[in-house]
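>>> Provided below are the primary sequence and the corresponding predicted coordinates.
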Amino acid sequence: MTAIKHALQRDIFTPNDERLLSIVNVCKAGKKKRNCFLCATVTTERPVQVNVVKVKKSDKGDFYKRQTAWALRDLAVVDAKDAVKESPEFDLHFDKVYKWVASSTVEKNTFISCIWKLNQRYLRKKIDFINVSSQLLEELPKVAEESVPSGENQSVAGGDEEAVDEYQELNAREEQDIEIMMEGCEYAIANAEAFAEKLSRELQVLDGANIQSIMASEKQVNILMKLLDEALKEVDQIELKLSSYEEMLQSVKEQMDQISESNHLIHLSNTNNVKLLSEIEFLVNHMDLAKGHIKALQEGDLTSSRGIEACTNAADALLQCMNVALRPGHDMLHAVKQQQQRFSDLREQFARRLASHLNSVFVQQFTQTFLQLYNRSSYHSVPGHDQSSTLAQHSAELTLPNHHPFHRDLLRYAKLMEWLKNTDYGKYEGLTKNYMDYLSRLYEREIKDFFEVAKIKMTGTTREGKKFGLHGSSGKLTGSTSSLNKLSVQSSGNRRSQSSSLLDMGNMSASDLDVADRTKFDKIFEQVLSELEPLCLAEQDFISKFFKLQQHQSTSGTTNEVEEVDGVALSRSYTSGVPQTVSSEKDMIRQMMTKIFRCIEPELNNLIALGDKIDSFNSLYMLVKMSHHVWTAQNVDPASFLSTTLGNVLVTVKRNFDKCISNQMKQMDEVKISKKSKVGILPFVAEFEEFAALAESIFKNAERRGDLDKAYIKLIRAVFDSVEKVANESQKTPRDVVMMENFHHIFATLSRLKISCLEAEKKEAKQKYTDHLQSYVIYSLGQPLEKLNHFFEGVEARVAQGIREEEVSYQLAFNKQELRKVIKEYPGKEVKKGLDNLYKKVDKHLCEEENLLQVVWHSMQDEFIRQYKHFEGLIARCYPGSGITMEFTIQDILDYCSSIAQSH
């Protein structure tokens, strides 16, 4: 084993700068016995690395090769299998468990003991040894550990190294020294005792020389000791001087500490003075109000522009002083408290003065405007002056008073109002209430006068208004509600219902109403809306600017939802993510506008009711105009007062429109016809034509075309049903004539007006007209050649039974003689007489307005010719070669019909 160890050290480990410490011959447990060696090695260079190397003998030669190496730090467990009973088996736990069987128990124990010592020295007991005898695990002697020189190569310490390493190879230098020494003594090899004796003598000589050298150096030692004593004295003197120096430095240190403390106090005092100065400057700069501002707040002129500007600047300066963010502790200063109290007194004093002055301005403006209205009313009450005519003269243009000068004067105080809103909300709210009170009375008077003039113009321009007794008497128009009540009472005796039906409007259109009257009403209504709209917008804009209320908000936080009321799409706005103040200020604007213009909505509703009573067709004009203005207002601000009010009024207009349509349908359902006269074109059919023509002209390019289309569909279905009902009930006029004439009229109307939503009804009307025309022709024409028709019906029956057509003439009842006999009964003269009687009958049935006589007569002519050709065909097929023909020809029929039509 020693030779193998020496060979492994030389061939494998020395080239790699490693030393082999222990070796064991092993084979893997449970497999074919293939021996190899496990070696414990350390590197010769620092830092020392300890490895376990697996070495295998080559199969092709007598040399060894390094197969696997593991670092000892990767070894986790050494398992000797049995601590009591000797066994060659053991396990090493690296990345996996390796099971080995040693060639002998001694080699195994020696290898494990070496591993344990290497673990103790280099790994600080990191490896676990289990099932290992305690005799193998002995501690390294501490003395041995301490005696290891630091300059030597790292190895196992003390006497253990001899046990671990039985053979220690000489290095190159040692070998060279020995060779030189042995070369100096040639007999060293032959006579070892002589060589040893020589070495001993040389050693004794060297020892003697060393002793003499030591003894010779005693004198030098004594000199050295003397020098050391003198040096110690010098050190003592130096220590004394250092002590004195230290005392002096301590005194200097104390003085310097006093100076430093004094400088610190001076610096702290300066810092405090600077901070105090900063605080005083802050208070003086931010809480000092100029004398000019104080005088402006106390005595400033609020009537002139310069005085208002001075008061505005002073109020802003006061607000800045009051809103200054005080630093901690400032509010405890007596001077600050006094200044704050002074500012509060100035604010209260100026707020009272400003509120009082603005109230005076409101009263003055209100009084002046009302005085003008009173003077105008006094002029109206002079004897000989009719109030309504005077109002019409002074309001020929139908305009509302302009409040721009009043707004312009008040807007000078807008910044002061904002200051008042931020400083004294109670007085701001009081001014708001007073403004609403004064303005609501002023606008109520102006708007009522404006609507009275509009009503006079509406009723004065129509003959229907004269019927109602509404023109020329102001007493009958004083007060919107009372005037409408009187209007209803006076009109009840002249009209069958308060809501005009199509029949009523037909009579009124023929006698009282014309296109000019309706156009004039449309212009008046448009003028009313056009005057109200800028008035409301101007007032809303003024309120927003004067009272500093947020009128508009960003569209990103606004959600508009469309709500349908009675078929009217009204926009409602909902805020999401918008500050609550914006929403509340918008609500406040809307509330103020609602209170100021509280009379607009009822006055508009009364005006709409008046227009509807004058002429139900006016609801069409009002629906279009009102829809346009609502759409315009909602585009500007869906939640504004104007948009909401016009939207509510639009609901009323839409209800009147729907009520008008419903009444028309009801009148159609209740219509009665005369039993003694022919029907002709029904009145509601003619009135539908008038309604559709007027509606198309009114709703051209209108926003609410959908409402009209729905009304069209309802009306046309009601017209269709009513025509059929009247046709079924008609006694004088045949049903087919009533259906044919009226549906022809409906088809012509729809074709002319080209109403897209009624295309299906147009086709249906045309089909009904065609079907009933054909039915009437067949029914009226009947069988003009009755006996001949019966004869040929019998012929067709025989053919249907299976008799060939050419054999029919051999039948006794249908021979040629019988055919000639029947033909002789219908000469041309007799046929012409029958056609003449038929023409008179048709002329009696048809009405003159629709002019369908020639159409019907031409259809009858075609039907008669068709029957004639049918008879001729049967004669040719069933009686071939007989030479039998009718006593009149197709040309004769054409001549008869033409002469009859011309004679009438």
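That came through, no problem.

>>> Output the below-cut-off pLDDT ranges for the stretch 801-904 of the chain.
904 (pLDDT under 70).

>>> Equivalent analysis for the stretch 351-500 of the chain, please.
Ranges of the stretch 351-500 of the chain meeting pLDDT under 70: 372-397, 461-500.

>>> Try it again at 50.
Counting by pLDDT under 50, the stretch 351-500 of the chain has low-confidence residues at 378-395, 461-500.

>>> next one: the chain
Scanning the chain for pLDDT under 50 picks out 139-167, 378-395, 461-513, 553-562, 571-580.

>>> Scan it for its longest strand.
strand 18-28 (DSSP state E).

>>> Flag every buried residue along it.
18-27 (16 or more other CB atoms under 10 Å). For glycine as for every other residue, the C-beta is placed from the backbone atoms N, C-alpha and C.

>>> Against which helices or strands is that strand packed?
Counting contacts by 3 or more CB pairs under 8 Å, 6 or more residues apart in numbering; DSSP states H and E, strand 18-28 packs against helix 2-8, strand 36-43, strand 97-102, helix 105-118.

>>> Let me know how buried Ser697 is, in neighbour terms.
13 (other CB atoms under 10 Å).

>>> what's the distance between the helix or strand where it lies and the middle of its chain?
Ser697 is part of helix 683-698 when elements are defined by DSSP states H and E. How far helix 683-698 lies from its chain's middle: 46 Å, per CA atoms, centre = their mean, to the nearest Å.

>>> follow-up on the earlier one: relative to Pro401, which of the helices and strands packed on strand 18-28 is closest?
strand 97-102 (110.8 Å; CB to CB).

>>> Mind listing what's buried along that closest one?
Of the residues in strand 97-102, those buried by neighbour count under the rule 16+ other CB under 10 Å are 98, 100-102.

>>> quick one: strands adjacent to that strand?
strand 18-28 (antiparallel), strand 89-93 (antiparallel) (DSSP bridges).

>>> List just the one of these that sits closest to Cys321.
strand 89-93 (86.5 Å).

>>> Next, the angle helix 105-118 makes with the closest one.
30 degrees (axes from the mean of the first three to the mean of the last three CA atoms, to 10 degrees).

>>> Could you list the residues in contact with strand 89-93?
Strand 89-93 has contacts (CB atoms under 8 Å, 6 or more residues apart in numbering) with 29, 52, 70, 75-81, 97-102, 108, 112.

>>> ok, now stretch 731-750?
Here stretch 731-750 has contacts from 674-682, 685-686, 688-689, 692, 716, 719, 723-724, 726-728, 730, 758, 761-762, 765-766, 768-769, 772-773, 775-776, 779, 845-847, 850, 852, 856, using CB under 8 Å, 6+ apart.

>>> How about stretch 896-904?
828, 831-832, 835-836, 839-840, 843, 854, 857, 860-861, 864.

>>> repeat that with 6 Å
Contacting residues not belonging to stretch 896-904 are listed as 832, 835-836, 839, 857, 861 [CB atoms under 6 Å, 6 or more residues apart in numbering].

>>> Any chance of those in JSON lines with secondary structure and neighbour count as columns?
Below are those laid out as JSON lines (DSSP: H, G, I helix; E, B strand; the rest coil; neighbours: other CB atoms under 10 Å):
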{"residue": "Lys832", "secondary structure": "helix", "neighbour count": "18"}
{"residue": "Leu835", "secondary structure": "helix", "neighbour count": "21"}
{"residue": "Asp836", "secondary structure": "helix", "neighbour count": "16"}
{"residue": "Tyr839", "secondary structure": "helix", "neighbour count": "20"}
{"residue": "Trp857", "secondary structure": "helix", "neighbour count": "22"}
{"residue": "Gln861", "secondary structure": "helix", "neighbour count": "20"}
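
>>> Out of the residues you listed, flag the one nearest to His357.
Checking these one by one against His357 (CB to CB), the nearest turns out to be Trp857, at 92.3 Å.

>>> Report the separation between that closest one and His745.
19 Å (CB to CB, to the nearest Å).

>>> all strands of this protein, in order?
18-28, 36-43, 50-57, 64-71, 77-79, 89-93, 97-102, 128-130, 558-565, 568-575.

>>> among those strands, which is the most enclosed?
Ranked by mean neighbour count under mean count of other CB atoms under 10 Å, the strands of the chain are led by strand 36-43, which reaches a mean of 22.

>>> tell me the angle of that one relative to strand 50-57?
Going by the same axes, to 10 degrees, strand 36-43 makes 140 degrees with strand 50-57.

>>> quick check, distance from strand 36-43 to the centre of its chain.
With CA atoms, centre = their mean as the basis, strand 36-43 stands 78 Å off its chain's centre.

>>> What is it packed up against?
With contacts taken as 3 or more CB pairs under 6 Å, 6 or more residues apart in numbering; DSSP states H and E, strand 36-43 sits against strand 18-28, strand 50-57.

>>> contacting residues around the last one?
Contacting residues not belonging to strand 50-57 are listed as 36-37, 39, 41-42, 64, 66-72, 118, 122 [CB under 6 Å, 6+ apart].

>>> which one among the residues you listed gets closest to Ile178?
After measuring these against Ile178 - CB to CB - the closest member comes out as Val42, at 25.9 Å.

>>> dump the residue contacts of the closest one.
19, 48, 50.

>>> Kindly reformat those residues as JSON lines containing distance to Ser305.
Output for the contacts of Val42, formatted as JSON lines (distance: CB to CB, whole Å):
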{"residue": "Arg19", "distance to Ser305": "111"}
{"residue": "Val48", "distance to Ser305": "102"}
{"residue": "Val50", "distance to Ser305": "104"}
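
>>> Tell me which residues touch the residue lying closest to Phe350 once chain neighbours are set aside, please.
Residue nearest to Phe350 in three dimensions, not counting chain neighbours: Leu297, with 4.4 Å by CB to CB, 6 or more residues apart in numbering. Residues near Leu297 by CB under 6 Å, 6+ apart: 314, 346, 350.

>>> who wins for neighbours among the residues you listed?
That'd be Phe350 among those, by other CB under 10 Å, with 25 neighbours.

>>> and the gap between that one and Cys311?
Phe350 is 8 Å from Cys311, by CB to CB.

>>> give me the number of residues near Met665?
Residues near Met665, counting by other CB under 10 Å, number 21.

>>> how about the helices in the stretch 501-650 of the chain?
502-511, 515-546, 580-596, 600-614, 618-636, 641-669 (DSSP state H, counting those that start in this stretch).

>>> Let me know which of the ones you listed is the nearest to Asp301.
helix 515-546 (20.0 Å).

>>> So which of the contacts of Leu297 sit within helices?
Judged by DSSP state H, the contacts of Leu297 include 314, 346, 350 as members of helices.

>>> measure the closest residue to the second one other than its chain neighbours to Tyr428 for me?
Nearest residue to Leu346 in three dimensions, chain neighbours excluded: Leu297, at 5.3 Å (CB to CB, 6+ apart). With distances taken as CB to CB, Leu297 is found 17 Å from Tyr428.

>>> For Ser751, state which of the ones in helices among the contacts of Leu297 is nearest.
Phe350 (77.9 Å).

>>> Ala414: neighbour count?
Applying other CB under 10 Å, we find 16 residues neighbouring Ala414.

>>> re earlier: now, the most widely separated pair of the contacts of strand 50-57?
Tyr64 and Tyr122 (25.5 Å).

>>> okay, stretch 594-601 in PDB with CA atoms only?
Extracted C-alpha coordinates of stretch 594-601, given in PDB (Å, rounded to 0.1, in the frame of the first residue of the first chain):
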ATOM      1  CA  THR A 594     -87.900  80.400 -12.300                       C
ATOM      2  CA  LYS A 595     -89.000  82.900  -9.700                       C
ATOM      3  CA  ILE A 596     -88.200  85.900 -11.900                       C
ATOM      4  CA  PHE A 597     -90.000  84.500 -14.900                       C
ATOM      5  CA  ARG A 598     -92.700  82.600 -13.100                       C
ATOM      6  CA  CYS A 599     -95.300  84.000 -15.400                       C
ATOM      7  CA  ILE A 600     -93.800  82.900 -18.700                       C
ATOM      8  CA  GLU A 601     -94.900  79.300 -18.700                       C
END
